[in-house]
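Enquirer: My questions concern the predicted model and sequence given below.
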Amino acid sequence: MRWEVVAWGALALVLFAAEALAPGAFMLWIGIGAAAVFVLVAVFADIPLLWQVVAFVLLSVVSIQCYRQWGRTRARETDAPLLNRRAEQLIGRVVALDQPIVAGVGRAKVDDAFWMVAGPDLPAGTPVRVVAVDGMTLKVQQV
């Protein structure tokens, strides 16, 4: 077996193993480029090393771009779309103001956390409904 065939096969296996150890769907596509060059070099014996490297780079870039196009057009469905978006989970909840809203800014206690709130001026203790989120500030309206 020729050394370049073994080298491209070994590189493909190393890249696949790296993807298996640290998944992120990136080394896989470079490994596919190396595997494709492995097949080319195994079939066509007289490809110069420079052209092998050029083919590897081009095939890797093409495979990464194909994955990016395919991955971006496929939206992932989830049963918990607001997971890790805690503020947005609070929309619709009714809470009492901990501090009055003065000049459009106040504070409310939601469960065990205090949140900055924005809305019309209201006294402390007034029940308000969370209607929107702006960063870490809850937009509220009087109930």
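Expert: Thanks, I have the structure now.
Enquirer: Would you map the strands across the chain?
Expert: Ranges of strands in the chain, per DSSP state E, are 94-102, 105-110, 113-118, 127-134, 137-142.
Enquirer: Figure out which of those strands is closest to residue 15.
Expert: When the strands of the chain are compared by Cβ to Cβ, strand 127-134 sits nearest residue 15, at 41.8 Å. C-beta: built from backbone N, CA, C; applies to glycine.
Enquirer: Partner strands of the closest one and their direction?
Expert: Strand 127-134 has the following sheet partners, assigned by DSSP bridges: strand 94-102 (antiparallel), strand 137-142 (antiparallel).
Enquirer: Show me which residues of that strand are buried.
Expert: Buried residues in strand 127-134, counted by 16 or more other Cβ atoms under 10 Å: 128, 129, 130, 133.
Enquirer: top helix in the protein by residue count?
Expert: helix 49-73 (DSSP state H).
Enquirer: what's next to it, contact-wise?
Expert: With Cβ atoms under 8 Å, 6 or more residues apart in numbering as the test, helix 49-73 has contacts from 4, 8, 25-26, 29-30, 32-34, 36-37, 40-41, 47.
Enquirer: which of these has the most neighbours?
Expert: residue 37 (28 neighbours; other Cβ atoms under 10 Å).
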